[in-house]
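Enquirer: What follows is a predicted protein model with its sequence.
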Amino acid sequence: MDAARPKSERPRKQRRLVAGVIAAALISCGVLGLMVLKPAAPTVERGLVLIDTVKRGSMLRQVRGVGTLVPEEIRWIASRTAGRVDRVLLRPGAAVTEESVILVLTNPEVEQAAANADSQLTAVEAELVNLNVTLEREVLAAESALASARAEREQSRLRAELNEELFKQGLLSSVDYKLSRVNAEHAGTRFEIEEKRFKFARDSIAPQLAVKQAEVSRLRAQAKLRHDELASLSVRAGMRGVLQILPVEIGSQVQTGVNLARVADPTRLKAQIRIAETQTRDIQVGQRVTVDTRNGVIEGDVERIDPSVQASTVAVDVRLSGELPRGARPDLSIEGVIEIERLDNVLYVTRPAFGQESGAVGLFKLEADGVHASLTRVMLGRSSVSLVEIVDGVQPGDRVILSDMSQWSAHERIQLQ
């Protein structure tokens, strides 16, 4: 049986205690190290993001919109009367002149109305001629009666003078002398009446003829109106250009005022582009515009800005100053860029996929190693079609990610690979 050795147990316990303290210290250091370490940055594929460098210099502010070419001169031809489409002589695309007949309508009522108007006009014109003859005859009769009254007055006056001499010589009785004087006065009175009657007959010709002439004029205008309606059954272009739209077919029944055709001058076109309502505040008449027709580029300037908003856009009319490219025609789709202003000595960068003009946006700025990017608050200024002004947050030469990084907005740092 072995004897116990108490002295050998004490060093072993000391060694175990030291080892436990050292292990506890190592574990504490590990925990503290893990607590101090930052979370691992998420990895983003470099080829999937757009990176651009912040620059300082001149920036041209522009706004872009899409639209169409529209004719400066358009004529809608409306029906002046109801009718049925009997013939269609021209189809859209045909060149027309002022007298080109596009289609023919039929309406028996219009034809009958024109014939009735002609009959009424002929009748009242005959009445006017007859009235003129009657009035002239009455004037002649009054003039004849006046001449007879004048002759009778002269004869009565001479007879009265002769009887006065005979009465003075005692060769004529006083009764005969007085009768001759009465006859002379009667003849003078009758002459005055016939003279007034003649003047009245002569002066009344014009008023009576004017009344009848007014009726003739009224019926003549009515007849002209009916004939114009009859002529309008042959629908004419009314201007030189190209027939664009013909919304009716043979046999269609149309009412008064219905649009039958549209004619436009294809040689005189303007651009009408639609700009987002948020980008129109700086647009002014006279600003330069570049219009891309896909077949060529035309220069122009802003001619008119529509005061109303439709579908969140504003229509801007552009007067074209350059020569139209081949294939330019009404309703051709175009793209227009309006030059607002030129900004000198400003910070700018390619416009990011998010963020509003004159607002703050979070952009990931690449660090010096080119691998990591930190989220940075950037203040944007005035914007253009593809560029935006930088007010604060980055410096010239900084590289920023412009793609939509909203899915990583919760991270302060990302890693590119």
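Expert: That came in fine, so what should we check first? Residues are numbered from 1 along each chain as shown.
Enquirer: for stretch 314-334, what is the average pLDDT?
Expert: Averaged over stretch 314-334, pLDDT sits at 88.
Enquirer: whoops, I mixed them up, stretch 80-91
Expert: pLDDT averaged over stretch 80-91 gives 93.
Enquirer: Give me the buried stretch members for it, please.
Expert: Neighbour counts using 16 or more other C-beta atoms under 10 Å place Arg80, Thr81, Gly83, Arg84, Val85, Val88, Leu90 of stretch 80-91 among the buried residues. Backbone N, C-alpha and C define where each C-beta goes, glycine included.
Enquirer: Please name the nearest non-neighbouring residue to the most centrally placed residue in the chain.
Expert: Central residue of the chain (C-alpha atoms, centre = their mean): Asp306, 8.6 Å from the mean position. Excluding the flanking residues, the one nearest Asp306 by C-beta to C-beta, 6 or more residues apart in numbering is Ala315, at 4.0 Å.
Enquirer: surely that neighbour meets Ala276?
Expert: No. With contact defined as C-beta atoms under 8 Å, Ala315 does not reach Ala276; the gap is 11.9 Å.
Enquirer: Those two: which is more packed in?
Expert: Higher neighbour count among Ala315 and Ala276: Ala315, with 19 against 13, using other C-beta atoms under 10 Å.
Enquirer: check which helix or strand covers that one.
Expert: Per DSSP states H and E: Ala315 is located in strand 313-320.
Enquirer: how about the helices in the chain?
Expert: Taking DSSP state H as the test, the helices found in the chain are 9-36, 108-168, 174-203, 205-231.
Enquirer: Looking at those, spot the one closest to Gln253.
Expert: Ranking the helices of the chain by proximity to Gln253 (C-beta to C-beta) places helix 108-168 first, at 13.2 Å.
Enquirer: What angle do helix 205-231 and that closest one make with each other?
Expert: Angle of helix 108-168 versus helix 205-231, following axes from the mean of the first three to the mean of the last three C-alpha atoms, to 10 degrees, is 170 degrees.
Enquirer: so for helix 108-168, what's the average pLDDT?
Expert: The pLDDT scores in helix 108-168 average 90.
Enquirer: Give the other helices and strands that that helix contacts.
Expert: helix 174-203, helix 205-231 (3 or more C-beta pairs under 8 Å, 6 or more residues apart in numbering; DSSP states H and E).
Enquirer: Does anything pack onto the last one? Which helices or strands?
Expert: So that's helix 205-231. helix 108-168.
Enquirer: what angle separates the helix it packs on from helix 174-203?
Expert: 160 degrees.
Enquirer: chain center to helix 108-168: distance?
Expert: 63 Å (C-alpha atoms, centre = their mean, to the nearest Å).
Enquirer: same thing with stretch 173-182?
Expert: That offset, for stretch 173-182, works out to 95 Å (C-alpha atoms, centre = their mean).
Enquirer: Also stretch 63-83?
Expert: 9 Å.
Enquirer: can I get the helices of the chain in TSV with mean neighbour count?
Expert: Compiled in TSV, the helices of the chain are given as follows (neighbours: other C-beta atoms under 10 Å):
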stretch	mean neighbour count
helix 9-36	9
helix 108-168	15
helix 174-203	15
helix 205-231	15
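Enquirer: Out of these, flag the one nearest Asp392.
Expert: helix 9-36 (32.2 Å).
Enquirer: Just the mean pLDDT for the closest one, thanks.
Expert: Mean per-residue pLDDT for helix 9-36: 61.
Enquirer: can you start the count at 228 instead of 1 from here on
Expert: Will do, 228 is the new start, and the previous item becomes helix 236-263.
Enquirer: re earlier: could you dump the helices of the chain to a markdown table with distance to His599?
Expert: Putting these into a markdown table (distance: least, C-beta to C-beta, whole Å) gives the following:
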| stretch | distance to His599 |
| --- | --- |
| helix 236-263 | 19 |
| helix 335-395 | 85 |
| helix 401-430 | 113 |
| helix 432-458 | 83 |
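Enquirer: nearest to Ala580, of those helices?
Expert: Closest approach to Ala580 among the helices of the chain (C-beta to C-beta): helix 236-263, 35.9 Å.
Enquirer: Pull up the distance across stretch 576-593, start to finish.
Expert: Length of stretch 576-593, first residue to last, C-alpha to C-alpha, to the nearest Å: 14 Å.
Enquirer: What residues of it count as buried?
Expert: Residues of stretch 576-593 classed as buried by neighbour count (16+ other C-beta under 10 Å): Val576, Thr577, Arg578, Pro579, Gly582, Gly589, Leu590, Phe591, Lys592, Leu593.
Enquirer: mind listing what the fourth one touches?
Expert: Residues in contact with Pro579, defined by C-beta atoms under 8 Å, 6 or more residues apart in numbering, are Val588, Leu590, Val615, Val627, Leu629, Ser630.
Enquirer: follow-up on the earlier one: lowest-confidence stretch among the helices and strands packed on helix 335-395?
Expert: If you rank the helices and strands packed on helix 335-395 by mean pLDDT, helix 401-430 sits at the bottom with a mean of 88.
Enquirer: That one - contacts with which helices or strands?
Expert: Secondary-structure packing of helix 401-430 (3+ C-beta pairs under 8 Å, 6+ apart): helix 335-395.
Enquirer: Mind listing residues that contact stretch 439-448?
Expert: By C-beta under 8 Å, 6+ apart, stretch 439-448 touches Ala344, Gln347, Leu348, Val351, Glu352, Glu354, Leu355, Leu358.
Enquirer: one more time with 10 Å, if that's ok
Expert: When contacts are defined by C-beta atoms under 10 Å, 6 or more residues apart in numbering, stretch 439-448 is touched by residues 344-352, 354-359, 362, 433, 436.
Enquirer: I'd assumed Val605 was in contact with Gly620.
Expert: Yes. With contact defined as C-beta atoms under 10 Å, Gly620 and Val605 form a contacting pair (3.4 Å).
Enquirer: residues shared between the contacts of those two?
Expert: Contact criterion C-beta under 10 Å, 6+ apart; residues shared by Gly620 and Val605: Val281, Leu574, Ala587, Val588, Gly589, Leu590, Lys592, Val627.
Enquirer: and Leu317, what is it in contact with?
Expert: Contacts of Leu317 (C-beta under 10 Å, 6+ apart): Val323, Ser327, Val328, Ile329, Leu330, Val462, Ala464, Leu470, Leu473, Ala488, Val490.
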